[in-house]
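Undergrad: Fold the following, please.
(one chain, ligands or ions: 1)
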Amino acid sequence: MTHRIALVPGDGIGKEVVPAAARVLDAAGKRFGFDFAWTTFDWSCERYTKTGSMMPADGLEQLRPFEAIFLGAVGFPGVPDHVSLWGLLIPIRRGFHQYINLRPVRLLKGVKSPLANRGPADIDMLIVRENNEGEYSEIGGRLYKGAPEEMAVQQAIFTRKGCDRVMRFAFEQARKRRKHVTSATKSNGIIHSMPYWDERFAAMAAQYPDVKTAQFHIDILAAHFVQHPDWFDVVVGSNLFGDILSDLGPAIAGSIGIAPGGNINPEKEYPSMFEPVHGSAPDIAGKNVANPVAQIWTGAMMLEHLGHADAARAIVGAIEKVVEEGKTVTRDLGGVAGTTEAARAIAALL
Ligand SMILES: NC(=O)c1ccc[n+]([C@@H]2O[C@H](COP(=O)([O-])OP(=O)(O)OC[C@H]3O[C@@H](n4cnc5c(N)ncnc54)[C@H](O)[C@@H]3O)[C@@H](O)[C@H]2O)c1
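TA: Below is the predicted model:
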């Protein structure tokens, strides 16, 4: 069985961690009886500075035939972040209806949380972020540019379809875990869209009587992540709230360098895109010091999506072992290993 995967390393450390992780996935394939046909695309800020676009105009058509997209990160000094994001990531997430952004957060053995007295049993959650609408919309504009009356309007979009499908996904995930879903809201301050979000959450909860629920305003929810991370199993949030929580989550789990993620089209009508939570880390790019674990774990999520749950488990097991031993980890986890060495240690266990 050969899986056709589009590789988009992107910018900065993406160019280091993506090839390293692809080698680990190759090793997993060898052991579990499948392989990959990788096709690499150079879509990036570098391409933007040369050609004026992050990807070709028919970029989505080029990606459409692939089973999945394995992406590093995009963004680099010199190109505004909204250009790199809206020129590549967001068109793919939207065009391919990847309406779920899935980000597991786990404190691994051997990793020190910045929270005092917290161990692996305390931090194990799944953040389900709405990925297609909400606060990240193109609707809005500016008036009176440059004048003292200058103003900007940004519209947030919350549809019944958009809310229901992400919430349903969260409840289904909870059924496979500890059967608890927390909703991130802000219905005290945002008086139209967030009460609507709460209403849809209550309606969905009624369909899952076996799953317990909680709901917090995003401000106190952020505080609870720090003070009571053990309260959380599945956390569902809008595009903006989910985005913020899924950086806070990995931060309490020790390093953004280990946090995986997937942009998922659950119906598999379009390719899903797997990318770690971290960005292109220009401050450490090109030095072979970036932690490849997030990208490798992201690869395990891709394998699970492709139907190789065994191989995915084996990769996560190998990550856990290498991280717990602590001998071949990168400097963000207190080690001295380089990117390639850390990835090789994980591949060797497969
Ligand atoms: N999905 C994406 O493509 C994505 C996500 C976030 C940020 N970005 C872009 O990346 C660029 C840098 O953004 P940022 O600095 O806010 O976030 P970042 O995640 O790139 O870096 C934040 C900090 O974490 C460290 N870090 C990140 N990944 C690491 C890894 N694998 N190993 C070790 N350390 C790691 C970095 O060195 C940096 O100190 C920006 O252009 C931003 O727009 C892209």
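Undergrad: Could you use CA atoms for every contact and neighbour count after this?
TA: OK.
Undergrad: and E61, what element?
TA: E61 is located in helix 59-63, with elements delineated by DSSP states H and E.
Undergrad: what about dumping the CA coordinates of the helix or strand that that helix is followed by to CSV?
TA: Per DSSP H and E, the first helix or strand lying C-terminal to helix 59-63 is strand 68-73. C-alpha atoms of strand 68-73 as CSV (Å, rounded to 0.1, in the frame of the first residue of the first chain):
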residue,chain,number,x,y,z
ALA,A,68,-3.0,14.1,2.9
ILE,A,69,-0.7,17.2,3.2
PHE,A,70,2.2,17.1,5.6
LEU,A,71,3.2,20.7,6.4
GLY,A,72,6.0,22.2,8.5
ALA,A,73,5.3,25.9,9.1
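Undergrad: which helices and strands sit right next to strand 68-73?
TA: Applying 3 or more Cα pairs under 8 Å, 6 or more residues apart in numbering; DSSP states H and E, one finds that strand 68-73 contacts strand 2-10, helix 14-32, strand 272-274, helix 293-305.
Undergrad: do the first one and the ligand meet?
TA: Read that as strand 2-10. No. Judged by Cα under 6 Å from any ligand atom, strand 2-10 and the ligand are separated, with a smallest distance of 7.7 Å.
Undergrad: Report the angle between that strand and helix 14-32.
TA: 160 degrees (axes from the mean of the first three to the mean of the last three Cα atoms, to 10 degrees).
Undergrad: now swap in the last one and tell me
TA: Relative orientation of helix 293-305 and helix 14-32, computed by the same axes, to 10 degrees: 40 degrees.
Undergrad: what angle do helix 293-305 and strand 68-73 make?
TA: Using the same axes, to 10 degrees: helix 293-305 against strand 68-73 is 170 degrees.
Undergrad: what sits up against helix 293-305?
TA: Residues outside helix 293-305 that contact it (Cα atoms under 8 Å, 6 or more residues apart in numbering) are 17-18, 21-22, 24-25, 68, 70, 72, 256-262, 274-278, 309-313, 315-316, 319, 343.
Undergrad: and those residues near the ligand, which?
TA: I256, G257, V277, H278.
Undergrad: Mind putting those residues into TSV with secondary structure and distance to A214?
TA: Putting these into TSV (DSSP: H, G, I helix; E, B strand; the rest coil; distance: Cα to Cα, whole Å) gives the following:
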residue	secondary structure	distance to A214
I256	helix	26
G257	helix	29
V277	coil	25
H278	coil	28
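Undergrad: Report the lowest-confidence entry in the residues you listed.
TA: Least confident of these in the model: I256, at 89.
Undergrad: Near the ligand, which residues of the stretch 51-200 of the chain are found?
TA: Counting by Cα under 6 Å from any ligand atom, the stretch 51-200 of the chain sits next to the ligand at A73, V74, G75, F76, D81.
Undergrad: Which among those count as buried?
TA: Among these, those classed as buried by 16 or more other Cα atoms under 10 Å are A73, V74, G75, F76.
Undergrad: one step back: now, the most widely separated pair of the ones next to the ligand among the contacts of helix 293-305?
TA: The most widely separated members of these, counting by Cα to Cα, are G257 and V277 (8.2 Å).
Undergrad: Could you pull out the helices in the chain for me?
TA: Here the chain has its helices, by DSSP state H, at 14-32, 45-51, 59-63, 81-84, 90-95, 160-175, 193-206, 218-227, 239-252, 293-305, 309-325, 339-348.
Undergrad: Could you list every helix and strand in contact with the first one?
TA: Applying 3+ Cα pairs under 8 Å, 6+ apart, one finds that helix 14-32 contacts strand 2-10, strand 35-40, strand 68-73, helix 293-305, helix 309-325, helix 339-348.
Undergrad: between the first one and strand 35-40, how many degrees?
TA: Comparing the axes of strand 2-10 and strand 35-40 via the same axes, to 10 degrees yields an angle of 30 degrees.
Undergrad: Likewise for the third one?
TA: On the basis of the same axes, to 10 degrees, strand 68-73 is oriented at 50 degrees to strand 35-40.
Undergrad: pLDDT of strand 68-73, averaged?
TA: 98.
Undergrad: neighbours around F274, how many?
TA: 27 (other Cα atoms under 10 Å).
Undergrad: mind checking how far it is from F201?
TA: Distance of F274 to F201, given as Cα to Cα, to the nearest Å: 27 Å.
Undergrad: Could you list which residues are in contact with S255?
TA: By Cα under 8 Å, 6+ apart, the contact list for S255 reads D332, L333.
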